[in-house]
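structure for the following, please:
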Amino acid sequence: MHPTSRPSRARGEQDHATSGTVLLLAGVALLAATLRPSIALVGPILAQIRSDLGLSSTEVSLLSALPVLFFGLFAPAAPALQRRLGIPRSVLAALIALLAGSLLRLAPGWEGLVAGTCLLSAGIAVGNVLLPVLAKAYFPARIGLLTGVSTMSLNLAAASAAATIVPLTAMAGGQWREGMLVWTAPAAAAILCWAALALRRPGALDRDAPAGAVAAARPRTGSSVLRSRTARSIIAFTASQSVIYYCILSWLPSIYQSHGASAASSGVLLSITTLIGAPVALVVPSLAARTRDQRWLLAPVVGCTAAGLAGLLLDAASAPALWAILLGVGLGGAFPLALALFAIKTPSSDQTASLSMLAQTAAYLLAAAGPFTLGLLHDRTGSWSAGIALLIACLAVELAAGLGAARPLPQPPAQDTPGTIRGLPLSATASKKPES
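Numbering: from 1, shown residues only. Coordinates of the predicted model:
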């Protein structure tokens, strides 16, 4: 063998691994960027959709609740897909479903809108669960950073969708379907990226991850996770913040429009809420990963959300931008904190996958009732006050659950024994051998 062939081959393998890591980072950002725009863009044009299709109040409320309901119903499919297809192909399948649903809901009539919304929401559900698993499996030393970057990408895309859907619809001559069509582009780009990752030869991505990380990413049963008080608190925290987030995402434009704001300005206000959350989402997970006690992060998160909701309740028209900013800081910090806790409070990727699936299933099934309930309360009372008061009560639950979820946990023993690590019960596959 030529003496330079081995170093050359080593350099080639290193370059190949580097390109795989860059492609994987791009894939994580693109996946995150597809998970909210298709939902966020509906609020600003909801009145137009209702008028064009002649929808009843119940149908409008159902349309707002369907995405979150399907997030919960299809979250358990993610671990099954992951076991059968592996992580890259599971993400690819989710993105294909998302794009197919986005195109289907452009079909004429109520039926196509509902069917497409259900299909794209099923794809998003799988992506929601796999997003924190990607960070744990491939970048365990950078969980805070990866969670922050992915959540920031998610928020920026949602803000852009909310801000641009009304102008895009106007440019298309008032055709909201054409405006929606533009926002299928991120899903198409993500599919191309993850198709390239899925086509890499088996084990190529595994070599870029720490030893055993991807093997540990194969999810196991979540029954052991539910025995942990910390895990139950994380689930409750995730559920309560999801209820508030999706109610705001669905109805904030309508709340502002009821106080005299135009469709365009209410869309901009929603985009402010999601846009302000982007830098917050980048910072919060990194701060959470650097400390054993994350309870101090709850003060600004819950406090800003409470101030924003109080402003909407007392006088939404007095300082609409301020209320949008406060909600952006609070909601923008709660969701990435929940995602970070999935990884921080679990010892391995299989536990992360199980906790992510359980938390997001419970969270979205409960959150699905939120937009529907707020819509019905508004129809019955003619005001948004009762619904906003309900969200403030839900915020109290978020605070109580967050204090339990973010509390410092006992340090793991020097030598592992059957019991718990980081507050979560060990499964047989998650236990580690004592270090010599």
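
what about Val283, distance to Asn155?
The gap separating Val283 from Asn155 is 12 Å, by Cβ to Cβ, to the nearest Å. C-beta coordinates here come from the backbone N, C-alpha and C atoms, glycine included.

just name whatever secondary elements the helix or strand that Pro88 is a member of is in contact with.
Secondary structure from DSSP states H and E places Pro88 in helix 87-104. Applying 3 or more Cβ pairs under 8 Å, 6 or more residues apart in numbering; DSSP states H and E, we find helix 87-104 packed against helix 5-34, helix 37-40, helix 77-85, helix 109-138, helix 185-199.

give me that answer again for 10 Å
Helix 87-104 sits against helix 5-34, helix 37-40, helix 57-74, helix 77-85, helix 109-138, helix 176-182, helix 185-199, helix 204-208, with contacts defined as 3 or more Cβ pairs under 10 Å, 6 or more residues apart in numbering; DSSP states H and E.

low-confidence ranges in the stretch 151-300 of the chain?
201-225 (pLDDT under 70).

repeat the analysis, applying 80 as the threshold.
200-228 (pLDDT under 80).

related to what we said a few turns ago, shared neighbours of Val283 and Asn155, which are they?
The contact sets of Val283 and Asn155 overlap at 332, 336 (Cβ atoms under 10 Å, 6 or more residues apart in numbering).

reformat the helices and strands packed on helix 87-104 as CSV; add mean neighbour count.
Listed next are the helices and strands packed on helix 87-104 as CSV, based on neighbours: other Cβ atoms under 10 Å:
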stretch, mean neighbour count
helix 5-34, 16
helix 37-40, 26
helix 57-74, 21
helix 77-85, 18
helix 109-138, 23
helix 176-182, 19
helix 185-199, 19
helix 204-208, 17
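
and of those helices, who's closest to Ser262?
Of all the helices and strands packed on helix 87-104, helix 176-182 sits nearest to Ser262, with 15.7 Å by Cβ to Cβ.

which residues are in contact with that closest one?
37-38, 41-42, 44-46, 48-49, 52, 102-103, 105-108, 112-113, 116, 161, 164-172, 175.

turn the helices and strands packed on helix 87-104 into CSV, columns for distance to Ala334.
Shown next, in CSV, are those (distance: least, Cβ to Cβ, whole Å):
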stretch, distance to Ala334
helix 5-34, 16
helix 37-40, 17
helix 57-74, 16
helix 77-85, 22
helix 109-138, 15
helix 176-182, 28
helix 185-199, 24
helix 204-208, 31
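
between these, which gets the lowest average pLDDT?
Mean pLDDT is lowest for helix 204-208 out of these, coming in at a mean of 48.

related to what we said a few turns ago, state the mean pLDDT of the helix holding Pro88.
For helix 87-104, the per-residue pLDDT averages 95.

for that helix, output the C-alpha coordinates as PDB.
Output of helix 87-104 as PDB, limited to C-alpha atoms (Å, rounded to 0.1, in the frame of the first residue of the first chain):
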ATOM      1  CA  ILE A  87     -34.200   8.600  12.800                       C
ATOM      2  CA  PRO A  88     -33.500  10.000   9.400                       C
ATOM      3  CA  ARG A  89     -36.100   8.000   7.500                       C
ATOM      4  CA  SER A  90     -38.700   8.700  10.200                       C
ATOM      5  CA  VAL A  91     -38.100  12.500   9.900                       C
ATOM      6  CA  LEU A  92     -38.300  12.200   6.100                       C
ATOM      7  CA  ALA A  93     -41.700  10.300   6.300                       C
ATOM      8  CA  ALA A  94     -43.000  13.000   8.700                       C
ATOM      9  CA  LEU A  95     -42.000  15.800   6.300                       C
ATOM     10  CA  ILE A  96     -43.600  14.000   3.300                       C
ATOM     11  CA  ALA A  97     -46.900  13.800   5.200                       C
ATOM     12  CA  LEU A  98     -46.600  17.400   6.100                       C
ATOM     13  CA  LEU A  99     -46.000  18.600   2.500                       C
ATOM     14  CA  ALA A 100     -48.800  16.300   1.200                       C
ATOM     15  CA  GLY A 101     -51.300  17.600   3.700                       C
ATOM     16  CA  SER A 102     -50.300  21.200   3.000                       C
ATOM     17  CA  LEU A 103     -51.000  20.700  -0.700                       C
ATOM     18  CA  LEU A 104     -54.200  18.700   0.000                       C
END
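
wait, which of the helices and strands packed on helix 87-104 is closest to Ile248?
helix 37-40 (10.5 Å).

neighbouring contacts of the next helix-or-strand element following that closest one?
The helix or strand immediately downstream of helix 37-40 is helix 46-53, counting by DSSP H and E. When contacts are defined by Cβ under 10 Å, 6+ apart, helix 46-53 is touched by residues 42, 45, 55-57, 59-60, 63-64, 108-110, 113, 166, 169, 174-177, 179-180, 250-251, 253-254, 257, 263, 266.

determine the angle, from 0 to 180 degrees, between helix 46-53 and helix 109-138.
140 degrees (axes from the mean of the first three to the mean of the last three Cα atoms, to 10 degrees).

and helix 46-53, what's buried?
By 16 or more other Cβ atoms under 10 Å, the buried positions in helix 46-53 come out as 46, 48-49.

element containing Ser240?
helix 229-257.

next SSE downstream of that helix?
helix 263-289.

quick one, that following helix and helix 109-138 angle?
Using the same axes, to 10 degrees: helix 263-289 against helix 109-138 is 20 degrees.

and helix 263-289 with helix 229-257, angle?
Going by the same axes, to 10 degrees, helix 263-289 makes 160 degrees with helix 229-257.

packing partners of helix 263-289?
So helix 263-289, by 3+ Cβ pairs under 10 Å, 6+ apart, packs with helix 37-40, helix 46-53, helix 143-171, helix 229-257, helix 298-315, helix 320-344.

those helices: which one's closest to Pro79?
Comparing those under Cβ to Cβ, the one sitting nearest is helix 320-344, at 13.3 Å.

quick one: distance of the closest one to the chain centre.
11 Å (Cα atoms, centre = their mean, to the nearest Å).

so which bits of that helix are buried?
320, 323-344.

run through the neighbouring helices and strands of that helix.
Against helix 320-344 (3+ Cβ pairs under 10 Å, 6+ apart) you get helix 109-138, helix 143-171, helix 229-257, helix 263-289, helix 298-315, helix 349-381, helix 385-405.
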